[in-house]
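Visitor: sequence first, then the predicted structure, then my questions.
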Amino acid sequence: MKLFKRYVWFLACLVGVAAMQTAQAQDSLLHTILKEGVLKVGTTGDWDPMTMRNPADNSYKGFDIDVSTALAADLGVKIEYVPTEWKTLVAGVTSGKYHMTGSASVNPKRAKVAGYSMSYVDVGQLPLILKKNADRFNGWGDINQEGVTVAAILGTTQEQYVKSFFPKAEHSIVEAPATDFSEVLAGRADVHITSNIAAYKLIAKYPQMMIVPVGQAKARTPLAILLPQADQVWINYVNHWISLQKARGLFDKLSAKWGL
């Protein structure tokens, strides 16, 4: 009799687990996206070449845009880009404003409240200055000095890096739509740091700027998609999709297209 009761209890547990998994799948954003036919993606539109917004027609282009467009196509749904800022990027995911973001640096602070997909590309940080100040800066140590002002955008990982890399320097933290490189161009800051991806785009666009000859980029960091932390069904789907597209060469193709 005891064995029979244990068997019944075991079957009940299996049924309960199966029911819970079914409920989780139905509650997942994956189910919502498929049902409503729309994938909502939060993007800042200010990170060349990852996401760039054209204010004339409110359209977007870039590496992230190509990735999310391909994901929406495989889901068989339309795509809707939701404008956001770096300081509210995570909040948009946790509040349900959008289903996912474009590329975001993986860091422990964000991971406390949001989930991440697997990574598909990584970046490092490089410092940029005006060429006329080339004699002042020949390495990382020259930046971490009193009298040097380093700019960053509020809510970005660069804000955290500026404060940790250069504790002796002054920090100029600006809010989007202002940009850290504009602070350098205008002479309000001496230095700003950005990803190696963006750095080479900026010096090509603004020939008066240069990368400080630091040798190697700092803080190599993987990029991934921010997702709701508790929605493992949706996270699993995105991860499987990334794995498949890695194998098929999508990310290599887009990296070559956008100069990553």
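Guide: Thanks, I have it. Numbering: from 1, shown residues only.
Visitor: which element is the residue nearest to the spatial centre of the chain on?
Guide: Nearest to the geometric centre of the chain sits residue 104, at 1.1 Å (CA atoms, centre = their mean). Taking DSSP states H and E as the definition, residue 104 sits inside strand 103-105.
Visitor: low-confidence stretches in the chain?
Guide: Within the chain, the stretches falling below the threshold (pLDDT under 70) are 1-26.
Visitor: and the helices in the stretch 1-150 of the chain?
Guide: Shown for the stretch 1-150 of the chain, the helices assigned by DSSP state H, counting those that start in this stretch span residues 2-27, 29-36, 63-75, 89-94, 108-111, 140-143.
Visitor: could you list the buried residues of the fifth one?
Guide: This points to helix 108-111. residue 110 (16 or more other CB atoms under 10 Å). For every residue, glycine as well, the C-beta is placed using N, CA and C.
Visitor: contacts for that helix, please.
Guide: Residues outside helix 108-111 that contact it (CB atoms under 8 Å, 6 or more residues apart in numbering) are 90, 104, 116, 160, 226.
Visitor: what is the neighbour count of the nearest residue to the last one once chain neighbours are set aside?
Guide: Pointing back at residue 226 there. Computed as CB to CB, 6 or more residues apart in numbering, the closest residue to residue 226 that is not its neighbour in sequence is residue 101, at 4.2 Å. A total of 26 residues lie near residue 101 under the criterion other CB atoms under 10 Å.
Visitor: packing partners for the strand holding residue 104?
Guide: helix 63-75, strand 218-228 (3 or more CB pairs under 8 Å, 6 or more residues apart in numbering; DSSP states H and E).
Visitor: how does it look with 6 Å?
Guide: strand 218-228 (3 or more CB pairs under 6 Å, 6 or more residues apart in numbering; DSSP states H and E).
Visitor: please identify the buried residues of the following helix or strand past the strand it packs on?
Guide: Next helix or strand after strand 218-228 toward the C-terminus (DSSP H and E): helix 232-248. Judged by neighbour count using 16+ other CB under 10 Å, the buried positions of helix 232-248 are 232-235, 237-239, 241-242, 245.
Visitor: dump those residues to JSON lines, plus distance to residue 59.
Guide: Formatted as JSON lines, the entries for those read as follows, by distance: CB to CB, whole Å:
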{"residue": "232", "distance to residue 59": "33"}
{"residue": "233", "distance to residue 59": "31"}
{"residue": "234", "distance to residue 59": "26"}
{"residue": "235", "distance to residue 59": "29"}
{"residue": "237", "distance to residue 59": "27"}
{"residue": "238", "distance to residue 59": "24"}
{"residue": "239", "distance to residue 59": "29"}
{"residue": "241", "distance to residue 59": "24"}
{"residue": "242", "distance to residue 59": "25"}
{"residue": "245", "distance to residue 59": "23"}
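Visitor: among the residues you listed, pick out the one closest to residue 96, please.
Guide: For the buried residues of helix 232-248, the minimum distance to residue 96 (CB to CB) is 12.0 Å, reached by residue 234.
Visitor: does the closest one touch residue 32 like I think?
Guide: No - in this structure, residue 234 is not within contact of residue 32 by CB atoms under 6 Å, at 9.0 Å.
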